[in-house]
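Q: just coords:
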């Protein structure tokens, strides 16, 4: 038989894991993360363009970096649309059965 102490221990492990998952989710959707990724994208593309001797590499690196940032900002909108469509499809399928 499982003791109360073991149950409490397992429950605390689950609570800690849930906190970690929530923290990871918060980081994944944070503007800080998006800004850092945009900056790294800009730097990587700028260095690449500079190495291959493209004129004005740092100016030309702005467009891909901004496109990346724009794509990360619009993903939640498309996710919401996709989730709504998926739920509607599942509800419709259940009604047919």
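A: It's in. Predicted model only: the values in this text are computed from it and were never measured. Numbering: from 1, shown residues only.
Q: name the element residue 88 belongs to?
A: Residue 88 is part of helix 62-96 when elements are defined by DSSP states H and E.
Q: For that helix, buried residues please.
A: 64, 65, 68, 69, 72 (16 or more other Cβ atoms under 10 Å). In short, each C-beta sits where N, CA and C put it, glycine included.
Q: Can you point out the buried residues in stretch 33-40?
A: residue 38.
Q: Find the centremost residue of the chain, please.
A: For the chain, the residue sitting closest to the mean C-alpha position, by Cα atoms, centre = their mean, is residue 28 at 4.3 Å.
Q: how much space between that one and residue 89?
A: Residue 28 sits 26 Å away from residue 89, going by Cβ to Cβ, to the nearest Å.
Q: Does anything pack onto the helix or strand harbouring residue 32? Which helices or strands?
A: Residue 32 is located in helix 31-51, with elements delineated by DSSP H and E. For helix 31-51, the packing partners by 3 or more Cβ pairs under 8 Å, 6 or more residues apart in numbering; DSSP states H and E come out as helix 57-60, helix 62-96.
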